[in-house]
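> Fold the following, please.
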Amino acid sequence: MSKTFSDLGISKETVTRLAKLEITQPTQVQEKTIPFALFKKKDMVVLAKTGTGKTAAFGLPMLQKIDVNSATVQVLILAPTRELGRQIYENLISFASEEQQDKIVALCGGAPIKTQLESLKKQPNIVVATPGRLVDFIERKAIDIQKIQYFILDEADEMMTALKEEVATIIKEIPENRRTLLFTATMPGTIKQLVQNYMSKHIEYIETDMDTMGHKGIEHQYVVVEAIEKLNVLMHFLSTKERERGIIFCKTKAAVNKLAKNLAINKFSSGAIHGSLSQGIRDRVMGQFREGNINILVATDLAARGIDVKEVSYVVNYHLPDKYETYIHRSGRTARAGASGLSLSVIQQEEVEEIPEFEEDLGLVFTQYKKADAQSIEDNNTILWAKKIFKTKPNKNISEDVKAKVKTVFHHLTKEELIDKVLANYLAQTSQPKVITKKKK
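Residues are numbered from 1 along each chain as shown. Next up is the predicted model:
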């Protein structure tokens with residue numbers, strides 16, 4: 001019989017608030033983690049994929065542990081990105097009582113420092129922070145974290161990949177006798193080193209929801225393309241997923257910008273996020289994606305952390321990641337909350353040999369996605385061209401005289417005849433010229 005939040009030790013008042021949020025059944029990571037965090041004293045390493053309810057797994061016990069009458073920071077939660085930091089903060093606020101809400105503060109990049117300095121005057125008990133912004137506050141001597149009791153690292157593998165120095169600086173500022181709760185989707189060498197160097201000798205290891213490395217419900221596929229056809233093959237795939245929501249991952253910010261521009265030109269419902277965009281733009285694009293106003297998000301790996309959108313039906317690796325654990329995080333953006341999903345890697349011939357390496361390291365099985373043939377791609381591009389025309393706004397600068405003369409040219413054509421002629425003209429302009437070879441005499 002499955003357990004309830006009350007069975008796990010969560011207070012009646014909190015259970016009532018969770019019910020209003022339609023959270024009534026603990027996930028596996030919550031069921032295994034909450035009692036340990038509440039009633040044990042050892043450090044904890046939790047191996048769990050994204051989208052399994054980790055925030056509640058550590059957030060609910062921390063809300064129950066804090067003393068709101070204290071003026072000190074008791075819980076420090078680190079997240080690798082501002083998006084994930086904001087998401088954790090908002091979830092904690094939704095779980096908390098009114099009294100507790102005033103004691104939770106977010107110190108994440110992209111928001112005005114002055115506003116965050118003002119928030120610290122509340123004397124918070126729980127601080128959610130990104131490493132870079134927290135180091136800034138430490139150097140300003142604007143925050144005291146020397147009395148924290150709980151240190152939580154969420155998505156620690158990503159943190160130690162990109163923000164290792166900042167994390168080390170923060171750890172030097174916190175007391176040695178704190179409890180550390182570390183959550184990660186993978187266990188690379190950097191995480192093992194962190195555990196060995198900065199956590200106690202008595203550690204509880206909890207592994208949850210990790211069937212095939214946490215990828216139960218995800219179909220892993222790859223399609224082999226020539227460099228020149230990569231965009232067209234992608235657009236054909238996206239056209240088959242027209243009403244579905246997906247995320248496309250690129251290696252670099254420049255690649256994100258280039259691909260996002262091409263998708264916009266071809267009138268795909270898409271947006272882009274990466275670290276060089278302002279927080280306002282990132283928030284707007286993420287809001288549009290969450291609300292379903294755009295269906296496709298083009299992103300870099302780090303910028304995509306903290307995306308908690310349940311109805312993402314596919315993920316595309318437009319470039320294969322350099323690290324196996326990065327693939328785990330990318331594909332983990334789909335098939336959330338028990339749904340199914342597809343992770344498609346668009347690769348070139350020289351990358352095919354890497355697929356068995358991904359399979360062996362991650363314990364996954366990849367199947368080959370059948371690439372659309374030349375005619376199907378040409379047909380799809382023709383339809384995309386038609387959609388571009390349909391969505392083109394009229395040019396008000398064209399004179400009435402010119403418009404009248406153009407109408408006269410087309411006056412005797414039916415709608416069907418006009419479409420036939422316009423299509424023929426488009427295809428004549430886009431078709432590859434045939435090479436005529438002369439016969440030898």
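> Just the strands from the stretch 301-441 of the chain, written as ranges.
Taking DSSP state E, counting those that start in this stretch, the strands of the stretch 301-441 of the chain run over residues 314-317, 341-347, 366-368.
> any idea which of these is most buried?
strand 314-317 (a mean of 24; mean count of other C-beta atoms under 10 Å). Where you see a C-beta, it was placed from the backbone N, CA and C, and this is true even at glycine.
> Give the other helices and strands that that one contacts.
Judged by 3 or more C-beta pairs under 8 Å, 6 or more residues apart in numbering; DSSP states H and E, the packing partners of strand 314-317 are strand 246-249, helix 324-331, strand 341-347.
> Switch those over to JSON lines; also include mean pLDDT and distance to residue 206.
Shown next, in JSON lines, are the helices and strands packed on strand 314-317 (pLDDT from 0 to 100; distance: least, C-beta to C-beta, whole Å):
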{"stretch": "strand 246-249", "mean pLDDT": "95", "distance to residue 206": "28"}
{"stretch": "helix 324-331", "mean pLDDT": "84", "distance to residue 206": "17"}
{"stretch": "strand 341-347", "mean pLDDT": "94", "distance to residue 206": "25"}
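> Of the ones you listed, which is nearest residue 234?
Among the helices and strands packed on strand 314-317, strand 341-347 comes nearest to residue 234, with 6.0 Å by C-beta to C-beta.
> if we can go back for a sec, residue 153 is nearest to which of the helices and strands packed on strand 314-317?
Closest approach to residue 153 among the helices and strands packed on strand 314-317 (C-beta to C-beta): helix 324-331, 15.0 Å.
> And that closest one, what does it pack against?
If you count contacts as 3+ C-beta pairs under 8 Å, 6+ apart, helix 324-331 packs onto helix 156-162, strand 314-317, strand 341-347, helix 354-362.
> about what we covered before: got JSON lines for the strands of the stretch 301-441 of the chain, with distance to residue 250 too?
Below are those laid out as JSON lines (distance: least, C-beta to C-beta, whole Å):
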{"stretch": "strand 314-317", "distance to residue 250": "9"}
{"stretch": "strand 341-347", "distance to residue 250": "11"}
{"stretch": "strand 366-368", "distance to residue 250": "20"}
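> Of all the helices and strands packed on strand 314-317, which one is nearest residue 129?
Comparing those by C-beta to C-beta, helix 324-331 comes nearest, at 20.4 Å.
> Could I get the buried residue list for the closest one?
Buried residues in helix 324-331, defined by neighbour count with 16 or more other C-beta atoms under 10 Å: 324-331.
> what does stretch 374-386 give?
Within stretch 374-386, the residues scored as buried using 16+ other C-beta under 10 Å are 377-378, 380-381, 384-385.
> Now do the least confident helix or strand in the chain by mean pLDDT: everything it contacts.
Every helix and strand in the chain was compared by mean pLDDT, DSSP states H and E; the lowest is helix 156-162, with a mean of 82. Applying C-beta atoms under 8 Å, 6 or more residues apart in numbering, the external contacts of helix 156-162 come out as 78-81, 131, 153, 167, 182-188, 190-191, 194, 301-302, 305, 323, 325, 329.
> Now the buried members of the residues you listed.
For the contacts of helix 156-162, a burial check counting by 16+ other C-beta under 10 Å picks out 78-81, 131, 153, 167, 182-188, 190-191, 194, 301-302, 305, 325, 329.
> Restricted to strands, list those residues.
Residues of those located in strands (DSSP state E): 78, 153, 182-184.
> Mind telling me the two of the residues you listed farthest from one another?
Spatial extent of those (C-beta to C-beta) is set by the pair 78 and 184 at 12.2 Å.
> rewinding a little: which stretch among the helices and strands packed on strand 314-317 comes nearest residue 287?
Nearest to residue 287 among the helices and strands packed on strand 314-317 is strand 246-249; the distance by C-beta to C-beta comes to 15.3 Å.
> what does the next helix or strand after that closest one rub up against?
Downstream of strand 246-249, the next assigned helix or strand under DSSP states H and E is helix 253-265. Here helix 253-265 makes contact (C-beta under 8 Å, 6+ apart) with 231, 235, 238, 248, 250, 270-276, 296, 298-300, 318-319, 388.
> okay, now the closest residue in space to residue 190 that isn't next to it in sequence: neighbour count?
The shortest distance from residue 190 to any non-neighbouring residue, by C-beta to C-beta, 6 or more residues apart in numbering, is to residue 160 (4.0 Å). If you count neighbours by other C-beta atoms under 10 Å, residue 160 ends up with 22.
> Residue 197 now?
9.
> Alpha carbons of the helix or strand hosting it, as PDB, please.
Here residue 197 sits within helix 189-198, counting by DSSP H and E. Extracted in PDB, the C-alpha atoms of helix 189-198 (Å, rounded to 0.1, in the frame of the first residue of the first chain):
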ATOM      1  CA  GLY A 189      34.000  11.900 -10.800                       C
ATOM      2  CA  THR A 190      33.400  15.600  -9.800                       C
ATOM      3  CA  ILE A 191      30.400  14.500  -7.600                       C
ATOM      4  CA  LYS A 192      32.400  11.600  -6.000                       C
ATOM      5  CA  GLN A 193      35.200  14.100  -5.200                       C
ATOM      6  CA  LEU A 194      32.700  16.600  -3.700                       C
ATOM      7  CA  VAL A 195      31.200  13.800  -1.500                       C
ATOM      8  CA  GLN A 196      34.700  12.700  -0.400                       C
ATOM      9  CA  ASN A 197      36.100  16.200   0.300                       C
ATOM     10  CA  TYR A 198      33.100  18.100   1.800                       C
END
